[in-house]
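> Output the structure for:
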Amino acid sequence: MATWNRNVSMRALRAFCAAAEHVSFRLAAEELFLTASAVSHQIRQLESALDVQLFTRSARSLRVTNAGQTFLDDLK
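The predicted model follows:
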């Protein structure tokens, strides 16, 4: 996780931080004045750029992975 891809957008980083703090795409979207779908899309792009899964998603829940928590800690 130490290497950064320069194609990572600030929008995606903001979406990730908000989603990780709220543990919710919906609440992150409200904070960022976006839709939950837009937040999810930004995070998928970030995961693809970093080649790491940041969240574990299930039908009605979201959980930050260990890699996601490490990344969040590094961003702060």
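> what residue ranges in this structure are flagged as low confidence?
1-6 (pLDDT under 70).
> list the contacts for the most centrally placed residue in it?
Closest to where the C-alpha atoms of the chain average out (C-alpha atoms, centre = their mean) is F16, at 2.6 Å. By C-beta atoms under 8 Å, 6 or more residues apart in numbering, the contact list for F16 reads Q42, I43, L46, L54, G68, F71, L72, L75. In short, each C-beta sits where N, CA and C put it, glycine included.
> Nearest to E21 among these?
Nearest to E21, judged by C-beta to C-beta, of the contacts of F16 is L72 at 7.9 Å.
> isn't the closest one right up against F55?
No. The criterion here is C-beta atoms under 8 Å, and L72 misses it with F55 at 10.8 Å.
> Could you give the number of residues near the residue lying closest to L13 once chain neighbours are set aside?
Distance criterion C-beta to C-beta, 6 or more residues apart in numbering; nearest residue to L13, sequence neighbours excluded, is L75 at 6.6 Å. Residues near L75, counting by other C-beta atoms under 10 Å, number 11.
> now do R44
Other residues lying near R44 total 14 when counted by other C-beta under 10 Å.
> Also V64?
By other C-beta under 10 Å, the residues close to V64 number 18.
> Pop out the phi and psi values for it.
phi -80, psi 130 (degrees, to the nearest 10).
> how distant is the lengthiest helix in the chain from the center of its chain?
Longest helix in the chain by number of residues (criterion: DSSP state H): helix 36-50. Offset of helix 36-50 from its chain centre (C-alpha atoms, centre = their mean, to the nearest Å): 6 Å.
> So what touches that helix?
Contact with helix 36-50 is made by 1, 5, 7-9, 11-13, 15-16, 18-19, 25-26, 28-29, 32, 53-55, 71, as judged by C-beta under 8 Å, 6+ apart.
> Tell me how far the residue nearest to L13 lies from A18.
11 Å (C-beta to C-beta, to the nearest Å).
> cool, and R44?
15 Å.
> next one: L46
From L46 to A18 the distance is 12 Å (C-beta to C-beta).
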